[in-house]
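Peer 1: Below is the structure, and that's it, no one-letter string:
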């Protein structure tokens, strides 16, 4: 979960990103071409939505694209990801005493 709604990364020189579908799709395609983003061939519904994308009057038509939208949000939210060891996950779980037997 992130503390704010999704926005694309800001363009160079800008403070805020937008919600352009074009930006997200191009980023995903670039990552796919560079083998940085892969999708299993068994994910038929994903590939079906991917193949449905098309342009009308120069703009991407965004109909019935829920899986693609979720994928875009996830792929472009990687900029918020952190790696490394987090000691909070190594601690024992402490359950509160709620009086339930």
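Peer 2: Thanks, I have it. Just so you know, these numbers come straight off a predicted model, no measurement behind them.

Peer 1: need the strands for the protein, in chain order.
Peer 2: According to DSSP state E, the chain carries its strands in the segments 55-56, 59-60.

Peer 1: can you put those in TSV and add mean pLDDT?
Peer 2: Formatted as TSV, these follow (pLDDT from 0 to 100):
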stretch	mean pLDDT
strand 55-56	88
strand 59-60	83
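
Peer 1: Make TSV from the ones you listed and add distance to residue 82 and mean neighbour count to it.
Peer 2: Any C-beta I mention is one placed from the backbone N, CA and C, and that applies to glycine too. Below are the strands of the chain laid out as TSV (distance: least, Cβ to Cβ, whole Å; neighbours: other Cβ atoms under 10 Å):
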stretch	distance to residue 82	mean neighbour count
strand 55-56	36	8
strand 59-60	31	13
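
Peer 1: Of those, which is nearest residue 6?
Peer 2: Minimum separation from residue 6 across the strands of the chain (Cβ to Cβ) falls at strand 59-60, 16.7 Å.

Peer 1: And the contacts of that closest one?
Peer 2: Here strand 59-60 makes contact (Cβ atoms under 8 Å, 6 or more residues apart in numbering) with 21, 22, 25, 53, 54.

Peer 1: Roughly how far does the residue nearest to residue 68 when sequence neighbours are not counted sit from residue 9?
Peer 2: Closest residue to residue 68 apart from its sequence neighbours, by Cβ to Cβ, 6 or more residues apart in numbering: residue 49 at 4.9 Å. Using Cβ to Cβ, to the nearest Å, residue 49 is found at 23 Å from residue 9.
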